[in-house]
Every structure is written in C-alpha cells, then in structure tokens.
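Peer 1: Any chance you can model this:
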Amino acid sequence: MTELIDACELINKVIQPDLHDMITFPISGVETFWWLPFLVMAFISSLTSIGGLSGAFILLPFQMTILGFTSPAVTPTNFLFNVVAIPSGVYRYIREGRMVWCLTWVIVLGTLPGIFAGGYIRIMLLPDAGNFKLFVALVLAYISSRLLRDIISNKDKKPSRSDKPFIVENSSISMKKIQFDFIGNHHEVSTPAVFFLSLGVGVIGGVYGIGGGAIIAPFLVTIFRLPVHTIAGATLFGTFVSSVVGVLFYTSLGVMYASTGMSIQPDWALGAMLGLGGAVGMYFGARSQRFLPSRLIKMVILGSMMFVVVKYVIEFLQR
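Peer 2: Sure, this is the predicted structure:
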C-alpha cells in the first residue's frame, strides 16, 4: 500500500508539477527539484551541440558536484544521457546535409574498442571519486588547451564562394584519406590518423562516460583544420553509437558485480530526465549552428571547463 501511495504521489508531481517539488532517484540516491536536470542539460546541450559535443563532459561534474552522484554508476548514466539526447541533434544535421558519413564511420570504428578498455579501467583502477575527479580535471585541461589554441589562432578557412550551398558535397574515403567539399573549399584528412585518434580517445571516453566526442571534436577542428560545421554531426553520431555500447557494457558489469555491492548500473530515471533536456537543447543547438559564431561558443565551453578543472584540482590537493 505504501509503495502504491508513493507511486501515485510521483505521478501527481509529473501531471501537476510544483516548482518546489523534489524527486528522489532510487539508484543514485540523488534528491533534486524535478525540473533541474531537464533545464540544466537543455541549456548546456544547446551550446555544446553547435560544436559537435553532447554536453556529457559538463554533465559529469554537474552530477558529481551539484547532485552528489559520485559512485561508478555516474559513468553509465552519462552514457545513457547521450543515448537519449543525441538523436535529435544528429537528425537535424542529417536534414541540413552536413553529415560527413565517411568521417562518421571511421570515428565509430576507432572509438568502440576503446570504450571497452576504458570501462575496465574505470571499474578496476578508478573507483575512488577523489582519483576520478583528478582524472576528469586532466581530461578537461587537455580539451581546454586545444580550444584555447584554436580560439587564439582563429585560422578557420573562409568560404571561397558564398553562393555555394551550406552542405557537404563530394565526400569520399580510401585507406589513405577522407575528403569532401564544403562551401567551395576542399578538405581532406588522413584516414589512419582519424582512426587511431578515435581509438585513443575511446579509452578516455570509456572512463569518463562521454563517448569520446568531446575530445575528438576540438581535435578535428584544431589539428586537422576541419570546419566545425561539418564535424559536429559526425562526432555526435560517433558519441551516440559508442554510448549505446557503453550502456550495454556497464549494465552487464552491473549484473556481474551485483554480489559485491558496487553500484555500476546506470540510474535509468535520472539519465532519461537529463537526456530529455539534452534532446531539446541539442535540436535547437544544431538548428541554430549556422547562424551563431563558433568562436563565441568555444569561448563559453572553454570558460565552463576551466572552472571545473580548477575546482577539481583544488579538491584533490586538499584531500
């Protein structure tokens, strides 16, 4: 009878929400306002999706610091967020003709093996939240340095002909290179370089719970000089596929380690709530990408990441 009453109260909150209503997510133990996860990720994803990032790299510090979710289960919950949130943004990039599919599949094939290795490292070597925060800080510091270099240099190619359609054209792939045209410019990148970059990033992404796109995207822009308008859809799709595998992988680990008491299963309800907010933000972010200056968006992302880096390093040193 008590469980039935609790369920009815939860349904009533959803149907007739009150801004002061709190919801407790049983798997993670997180207690928060029902609207907070949705709105936070809607805002974050609307910014990050412009650069091909799902926002999961900011979601992890938000869960650990604001929501107090610090068990290893936070990583698969991040993956679950990606699974729910990313399809809306990918759909928009496909509809607008800015998906470089040959780049997308190389990223996917490179990232997937690393996800499994990263998952093992997260469970066996980084279960402690303090050590994990230092790892998070190092990853974000690396991304920040690449973004800062790109912002300062500001060497993006300018369109040679403004009358060209704002779509990817003439894309092709070989064992040596990936190439395509975009707004009158020809772009090409080494196929093996993208594959091994994705493989290495996949390991980091498997530990961090971001699918790797948050590192691959700025790397493609800053090192390989590919236009951000064309890599965004590819990195988001790669993150989506690897995140599906990540959720399945951690779920199976949760069954294997159930007897140990270690919390590895994702918090399905929390991940879904975060993901729904991310889906709304990602759709509008992808839709508005062509109208907003990518340099400004990178500066917003850089400021957010540096704040987290400094905070986590200080917390680690004060242990």
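Peer 1: Low-confidence stretches in the stretch 101-250 of the chain?
Peer 2: Scanning the stretch 101-250 of the chain for pLDDT under 70 picks out the ranges 119, 122-123, 126-133, 154-163, 205-212, 214.
Peer 1: how does it look with 90?
Peer 2: Within the stretch 101-250 of the chain, the segments meeting pLDDT under 90 span 110-167, 183-185, 197-232, 238-239, 241-243, 245-250.
Peer 1: all strands for it, in order.
Peer 2: For the stretch 101-250 of the chain, strands defined by DSSP state E, counting those that start in this stretch occupy the ranges 168-173, 177-182, 185-190.
Peer 1: how about these in a markdown table, adding mean neighbour count and distance to residue 277?
Peer 2: For the C-beta atoms, the positions are set from N, CA and C on the backbone; glycine is no exception. Listed next are the strands of the stretch 101-250 of the chain as a markdown table, based on neighbours: other C-beta atoms under 10 Å; distance: least, C-beta to C-beta, whole Å:
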| stretch | mean neighbour count | distance to residue 277 |
| --- | --- | --- |
| strand 168-173 | 15 | 29 |
| strand 177-182 | 20 | 31 |
| strand 185-190 | 16 | 33 |
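Peer 1: nearest to residue 297, of these?
Peer 2: strand 177-182 (18.4 Å; C-beta to C-beta).
Peer 1: Provide the strand pairings for that closest one, with the direction of each partner.
Peer 2: Using DSSP bridges, strand 177-182 pairs in its sheet with strand 168-173 (antiparallel), strand 185-190 (antiparallel).
Peer 1: want to throw the ones you listed into TSV with distance to residue 245?
Peer 2: Converted to TSV, the strands paired with strand 177-182 look like this (distance: least, C-beta to C-beta, whole Å):
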stretch	distance to residue 245
strand 168-173	22
strand 185-190	24
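Peer 1: sec struct for residue 31, please.
Peer 2: Classification of residue 31 using DSSP: H, G, I helix; E, B strand; the rest coil returns strand.
Peer 1: Buried residues, stretch 105-123. List them.
Peer 2: Using 16 or more other C-beta atoms under 10 Å as the test for burial, stretch 105-123 gives 105-115, 118-119, 122-123.
Peer 1: just checking, which of these belong to helices?
Peer 2: Secondary structure assignment by DSSP state H places 105-115, 118-119, 122-123 of the buried residues of stretch 105-123 in helices.
Peer 1: wait, which of these is closest to residue 230?
Peer 2: residue 107 (12.7 Å).
Peer 1: The closest one - nearest residue in space that isn't next to it in sequence?
Peer 2: residue 238 (3.8 Å; C-beta to C-beta, 6 or more residues apart in numbering).
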